[in-house]
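**Q** only geometry, no sequence info:
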């Protein structure tokens, strides 16, 4: 039987303690989905609709990311990190969406 591909995951807990584990692709996707939900709620304080509008995706797409149905693209992950570290980025994205300045 062929071994399933696994990924090495390092988790950093409060206080700097690191734990290393291995996850299957599906486990990793579920882990990333939960992390997205936590960042959205706890760090950004946004609803699903607000975040979907801010990053320019359909609400259903964001819901699929948070449920682990589909993987979130790396550029969106980078944008979330910027929103978390730089509140001005979050404010700009929300304000631009309010006034519909981002036109397709």
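**A** Yes, it's here. Treat the numbers as computed from the prediction; the structure is a model and nothing was measured. Residues are numbered from 1 along each chain as shown.
**Q** tell me which residue is most central in this protein.
**A** Residue closest to the mean C-alpha point of the chain, counted by Cα atoms, centre = their mean, is residue 36 at 3.4 Å.
**Q** hmm, that one is touching residue 63, no?
**A** No - if you go by Cβ atoms under 8 Å, residue 36 and residue 63 don't touch, sitting 10.7 Å apart. No exception for glycine: its C-beta is placed from N, CA and C like everyone else's.
**Q** in this protein, which helix has the most residues?
**A** helix 25-38 (DSSP state H).
**Q** for this protein, name the helix or strand with the lowest mean pLDDT.
**A** Lowest on mean pLDDT, DSSP states H and E among the helices and strands of the chain sits helix 87-98, with a mean of 83.
**Q** distance of the residue nearest to the centre of the chain from residue 88?
**A** Residue 36 is 21 Å from residue 88, where distance means Cβ to Cβ, to the nearest Å.
**Q** give the rounded mean pLDDT of the helix or strand encompassing residue 21.
**A** Assigned by DSSP states H and E, residue 21 belongs to strand 18-24. For strand 18-24, mean pLDDT rounds to 90.
**Q** and for stretch 29-47?
**A** Mean predicted confidence for stretch 29-47 is 93.
**Q** could you do stretch 52-69 as well?
**A** Stretch 52-69 comes out at a mean pLDDT of 94.
**Q** mind checking the end-to-end distance for stretch 17-33?
**A** 22 Å (Cα to Cα, to the nearest Å).
**Q** which residues touch that stretch?
**A** 4-13, 65-68, 71-72 (Cβ atoms under 8 Å, 6 or more residues apart in numbering).
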